[in-house]
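Colleague: I'll drop the sequence and a predicted model, then ask my questions.
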Amino acid sequence: MSDIYIVGFDGTDASHRAAALASGLAKTSRARVHLVYVLEWSPYSFLTQEELAERHKRREEELKRAAEIVEPVAKDLAAGGVQVTSEVRYGHAGELFCQIAEKLAARQIFIGRKGSRSLADRLLGGLAITLVQASPVPVTVVP
C-alpha cells in the first residue's frame with residue numbers, strides 16, 4: 001500500500017499551495033493525496049425543532065458547496081497522475097485531521113498557512129499550532 005498525504009483543503013490560495021506541494025511529493029513517492037475539507041461545527045447548542053430543521057438544511061447546503069470546491073481540485077490532481085481521494089467533514093479541524101491521519105495510517109499532513117487575524121489567534125494558536133502539538137504524524141505548514 002502506498003503512503004498517504006493528507007491535505008487540509010478549503011479553497012484558499014494557501015490550501016492550493018499545500019495541495020500542490022503534497023501532490024508534487026506524491027508523484028515522486030507514489031503516495032496518495034487525501035484532500036480533507038473541514039467545516040467547523042459544534043454539536044453543543046440547544047435548539048428548538050424548527051432551529052434543528054433549519055440547521056440541518058444549512059449543513060446539507062454547506063456540504064454541497066464544500067464538495068463543489070474540493071471535487072475539481074481532486075479531478076485536476078488525478079489528471080496530473082496523482083492518486084487522490086477526498087472527503088468533507090463537520091467538526092473540529094485539529095481533532096479530525098488527527099483522527100483521519102490515524103485511521104488512514106497517513107505519512108504526513110499538509111496545511112496552508114492563512115495567517116492569524118487576531119492577537120489571540122497568534123498567541124494561542126490556530127490549526128497549525130494545534131496540529132504541530134497533537135498530530136500523530138509530521139505536519140507541513142505551507143506559506
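Modeller: Here it is on my side, so go on. These numbers come from a predicted model, not from an experiment.
Colleague: So which elements touch the longest helix along the chain?
Modeller: Ranked by residue count and defined by DSSP state H, the top helix of the chain is helix 49-79. Applying 3 or more C-beta pairs under 8 Å, 6 or more residues apart in numbering; DSSP states H and E, we find helix 49-79 packed against helix 13-29, strand 32-39, strand 83-90. To be clear about C-beta, it is placed using only N, CA and C from the backbone, and glycine gets the same treatment.
Colleague: immediately after the helix or strand of the chain with the lowest mean pLDDT, which helix or strand?
Modeller: For the chain, scoring each helix and strand by mean pLDDT, DSSP states H and E identifies helix 119-124 as the least confident one, at a mean of 50. Per DSSP states H and E, helix 119-124 leads on to helix 127-134 as the next helix or strand towards the C-terminus.
Colleague: So, low pLDDT: which residues of this structure?
Modeller: Across the chain, the stretches falling below the confidence threshold (pLDDT under 70) are 1-2, 41-47, 115-125.
Colleague: Try it again at 90.
Modeller: Flagging of the chain using pLDDT under 90 yields the residue ranges 1-2, 39-63, 90-92, 113-130, 132, 143.
Colleague: buried stuff in stretch 73-85?
Modeller: For stretch 73-85, the buried set under the neighbour-count rule, 16 or more other C-beta atoms under 10 Å, comprises V73, A74, L77, V82, Q83, V84.
Colleague: so which pair among the residues you listed is furthest apart in space?
Modeller: Longest distance between any two of the buried residues of stretch 73-85 is 14.1 Å, between V73 and Q83; criterion C-beta to C-beta.
Colleague: Any chance of JSON lines for the helices and strands packed on helix 49-79, columns distance to E68?
Modeller: Supplementary listing: the helices and strands packed on helix 49-79 in JSON lines, determined by distance: least, C-beta to C-beta, whole Å:
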{"stretch": "helix 13-29", "distance to E68": "15"}
{"stretch": "strand 32-39", "distance to E68": "10"}
{"stretch": "strand 83-90", "distance to E68": "10"}
